[in-house]
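K.L.:
Sequence plus the predicted model coming up.
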Amino acid sequence: MRKFFFVLILLIPLLACGHTETASKELQKNKAAQQNKEPFPQPMGNRKTAHSKEKISLNVPLIKQNPELKYGCEVTSLAMMLQYAGVKTNKMELYKNVSKDPDQLVKSRNDIIHWGDPGKGFVGDMTGRTAGYAVFDGPIESLVNQYMPGHAVNLTKQPFQKVLDHVGKGYPAVVWTTGDYKLPDRWESWKHQKQTIKTPLDLHAVVLTGFDQQHVYLNDPLSGKKGVKVNKKQFEASWKALQSRAISYW
């Protein structure tokens, strides 16, 4: 997900965490067999953790959202976190199980007039066949509790240091930022029932896997890069601009 350009409006507006990628012509079938839910194994916390006074680094598996889930950065990031915790699931299963807001996109020229509420469920089409946007922390927290009953930790609106402290205990976190981990620069608003949704279109979700004194380390489902090194202050600013959203577990 990089910057949103209105000149790209054709049949499908390109939004949220997938809009720098070319839309798939057809949703590819998930090659991995869908696994049935199993009882949550004992939380594994600090496994595979490189821990020193200078740096925390969790060896969280990398999963790419494309080509199946053009706008699926949240559930793909969640799949990484849950697999690290020992839960047998994958991005396609989470895509099916995450709450969705069914409200359809209504546009007028270049403006979004009416759409769904990402606080209630995923807005739009995650596959990219039609317009898609995002889902916020509440539905992701609920999804964590489906697989790890009572173990979801919602760190939204907490100080960033508290999120880092939690990661330092061995628990990665899904965090909301932008595609370039900088301040959002493309805002949009639309009506949903009686409220106005105002949110940046260059939104993205990644997994916070570690940090040192000056940097954070991220698994990015869109770029397909593991352990991306980003200036800590820069990232914190973008995270706060996205309403300081973070979901983890214990």
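P.N.:
Ah, there it is.

K.L.:
all strands in the chain, in order from the N-terminus.
P.N.:
Remark: strands assigned in the chain by DSSP state E are 49-51, 55-58, 100-101, 106-108, 111-114, 122-123, 152-154, 173-178, 187-192, 195-200, 203-212, 215-220, 225-231, 246-249.

K.L.:
contacting residues for residue 237?
P.N.:
182, 183 (C-beta atoms under 8 Å, 6 or more residues apart in numbering). The C-beta positions use only the backbone N, C-alpha and C, and glycine is treated the same way.

K.L.:
With distance to residue 161 and mean pLDDT as new columns, can the strands of the chain be given to me in CSV?
P.N.:
Output for the strands of the chain, formatted as CSV (distance: least, C-beta to C-beta, whole Å; pLDDT from 0 to 100):
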stretch, distance to residue 161, mean pLDDT
strand 49-51, 17, 58
strand 55-58, 13, 97
strand 100-101, 32, 98
strand 106-108, 41, 92
strand 111-114, 35, 93
strand 122-123, 30, 98
strand 152-154, 15, 99
strand 173-178, 13, 99
strand 187-192, 27, 92
strand 195-200, 24, 93
strand 203-212, 10, 99
strand 215-220, 12, 99
strand 225-231, 16, 99
strand 246-249, 12, 99
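
K.L.:
Now render those strands as a markdown table, adding distance to residue 89 and mean neighbour count.
P.N.:
Shown next, in a markdown table, are these (distance: least, C-beta to C-beta, whole Å; neighbours: other C-beta atoms under 10 Å):
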| stretch | distance to residue 89 | mean neighbour count |
| --- | --- | --- |
| strand 49-51 | 21 | 14 |
| strand 55-58 | 18 | 19 |
| strand 100-101 | 18 | 18 |
| strand 106-108 | 34 | 11 |
| strand 111-114 | 32 | 14 |
| strand 122-123 | 17 | 28 |
| strand 152-154 | 14 | 18 |
| strand 173-178 | 14 | 27 |
| strand 187-192 | 29 | 16 |
| strand 195-200 | 27 | 14 |
| strand 203-212 | 15 | 27 |
| strand 215-220 | 16 | 25 |
| strand 225-231 | 19 | 16 |
| strand 246-249 | 13 | 25 |
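
K.L.:
Those: which one's closest to residue 162?
P.N.:
Nearest to residue 162, of all these, is strand 246-249, at 8.9 Å by C-beta to C-beta.

K.L.:
Who are the packing partners of the closest one?
P.N.:
Contacts defined by 3 or more C-beta pairs under 8 Å, 6 or more residues apart in numbering; DSSP states H and E place strand 246-249 against helix 73-84, helix 137-147, strand 152-154, helix 160-168, strand 173-178.

K.L.:
Looking at those, spot the one closest to residue 57.
P.N.:
helix 160-168 (9.8 Å).
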